[in-house]
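*Asks:* Output the structure for:
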Amino acid sequence: MQLYKKALALLFLTLLVTAPLSSTALAQKPVVFVSILPQKYFVEQIAGDTVQVEVMVKPGASPATYEPLPRQMTMLAKADMYLAIGVPFERTWLPRIKATNPDLAVIYIDKTLRKLPMTSNAIEVDTNPRGALLLNFRNSKAEHDAHASAHDQKKQVHNHEGMLDPHIWLSPRWVKAMAKPTRLALTKVAPHHATQYRINTRRFTKRLDALDKDIHAIFKAIPAEQRVFMTFHPSWGYYAMTYNLIQIPIEFEGKAPSPKDLEQITAIAKKRNLRTIFVQPQFSQASAKAIAGSINGSVVTADPLAENWEENLRDVSKKLAASFILCE
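*Replies:* Model prediction:
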């Protein structure tokens, strides 16, 4: 009986000690902030559930104009890492965020990527589509071509007015180029998971290669001259580069088009026999709807910030392919 009581006491003591430790271990999961929802997807493919991922830009908001919520600033003050990807709001807010948490590790996973300038206005693209698309970017045949040195990156910024296109997450090839810096960053906050992260990254890059191959197959039967699409905001430049498409923006030099601009863009849509105008939830659809009405076409949503990134790219690819067939 005495032995039984001792066993019970030992069991009780074990439960008393281990239960708080389990809760503490769970609470001590590294907190990693990312700017946009697709990044959350990328981090989870590499880290699984070993980190707590928090997203700054919530659904429906724009990374160009986003302002963090007070609750997010409170969480950032205690976060372990911020993975920056080069979206506009980071330039304004990351210095402020860093000031509230000097120990926060800010990692720029886009630092070594060769970026495109933002797509020119619709009239320039229509006049010289390949020239506008290929400006400052000559090599796209393999995923390593996405890389550039920091010196090259500074030269690009110096040589072109305005910012470079930040939408690097919309091409599997650029995402593949970001996989390693993401893995290395995560390893810094959770070094005991380094092997797991390496294995997960290999699996993820294989899926990226498969996705890239599948999207190429979706467009394979469509002649190059028909691969033209019109969208309000020029988010799809890297995607268009990867899959030999031509993106014609409605947004004119970063602003909604004037009535005169809208008239010219509508004429381009008619000339190219376009029947679908692509929009994203983060921007006004008024101009797109006006053009669609003038060409007897339709407005279709293609969200560049969807969290279900892989499924979303397949879905957008199928929508684009269907729109190209309508142009025949």
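*Asks:* Just want to check the distance between the closest residue in space to Thr276 that isn't next to it in sequence and Leu245.
*Replies:* Nearest in space to Thr276, with sequence neighbours left out and distances taken as C-beta to C-beta, 6 or more residues apart in numbering, is Ser323 at 3.7 Å. Bear in mind the C-beta positions are built from the backbone N, C-alpha and C, glycine included. Look at Ser323 and Leu245: by C-beta to C-beta, to the nearest Å, they are 11 Å apart.
*Asks:* what does Pro172 give?
*Replies:* From Pro172 to Leu245 the distance is 14 Å (C-beta to C-beta).
*Asks:* The two: who's more crowded?
*Replies:* Using other C-beta atoms under 10 Å as the criterion, Pro172 and Leu245 rank with Pro172 on top: 26 against 22.
*Asks:* Tell me where the protein has helices.
*Replies:* For the chain, applying DSSP state H gives helices covering 2-27, 37-47, 70-76, 89-100, 122-127, 129-134, 150-159, 172-189, 194-219, 237-242, 259-271, 286-294, 309-326.
*Asks:* got those helices as TSV, with distance to Lys111 and mean pLDDT columns?
*Replies:* TSV is the format used below for the helices of the chain (distance: least, C-beta to C-beta, whole Å; pLDDT from 0 to 100):
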stretch	distance to Lys111	mean pLDDT
helix 2-27	32	43
helix 37-47	15	98
helix 70-76	21	94
helix 89-100	12	93
helix 122-127	29	83
helix 129-134	23	54
helix 150-159	7	40
helix 172-189	7	97
helix 194-219	18	98
helix 237-242	16	95
helix 259-271	35	92
helix 286-294	34	91
helix 309-326	21	95
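*Asks:* Looking at those, which is nearest to Gln226?
*Replies:* Nearest to Gln226, of all those, is helix 309-326, at 4.8 Å by C-beta to C-beta.
*Asks:* counting contacts, what elements does that closest one pack onto?
*Replies:* Under the contact criterion of 3 or more C-beta pairs under 8 Å, 6 or more residues apart in numbering; DSSP states H and E, helix 309-326 touches helix 37-47, helix 194-219, strand 228-231, strand 276-279.
*Asks:* let's see 6 Å
*Replies:* helix 194-219 (3 or more C-beta pairs under 6 Å, 6 or more residues apart in numbering; DSSP states H and E).
*Asks:* Please report how far Ile109 lies from Pro223.
*Replies:* Applying C-beta to C-beta to Ile109 and Pro223 gives a distance of 36 Å.
*Asks:* who's more crowded, the two?
*Replies:* Neighbours around Ile109 and Pro223, counted as other C-beta under 10 Å, are more numerous at Ile109. The numbers are 24 against 9.
*Asks:* could you measure the nearest residue to the more buried one once chain neighbours are set aside against Ile46, distance?
*Replies:* Using C-beta to C-beta, 6+ apart and skipping residues adjacent in sequence, the residue nearest Ile109 is Pro181, 4.4 Å away. Using C-beta to C-beta, Pro181 is found at 11 Å from Ile46.
*Asks:* Looking at the two, which is more packed in?
*Replies:* Using other C-beta under 10 Å as the criterion, Pro181 and Ile46 rank with Ile46 on top: 25 against 17.
*Asks:* Next up, the contacts around the more buried one.
*Replies:* Residues in contact with Ile46 (C-beta atoms under 6 Å, 6 or more residues apart in numbering) are Thr182, Arg183, Tyr197, Asn200, Thr201.
*Asks:* ranking these by neighbours, who comes first?
*Replies:* Thr182 (25 neighbours).
*Asks:* and the closest residue in space to that residue that isn't next to it in sequence, how far is that from Ile168?
*Replies:* Closest residue to Thr182 apart from its sequence neighbours, by C-beta to C-beta, 6+ apart: Ile109 at 5.4 Å. Ile109 sits at a distance of 9 Å from Ile168 (criterion: C-beta to C-beta).
*Asks:* same deal with Ser294?
*Replies:* The spacing between Ser294 and Ile168, counted by C-beta to C-beta, is 33 Å.
*Asks:* now Val175
*Replies:* When Val175 is compared with Ile168 (using C-beta to C-beta), they lie 8 Å apart.
*Asks:* Looking at these two now, which is surrounded by more residues?
*Replies:* Using other C-beta under 10 Å, the more surrounded residue of Val175 and Ile168 is Val175, with 28 against 24.
*Asks:* Could you pull up the residues touching the more buried one?
*Replies:* For Val175, counting by C-beta under 6 Å, 6+ apart, the contacting residues are Trp169, Leu208.
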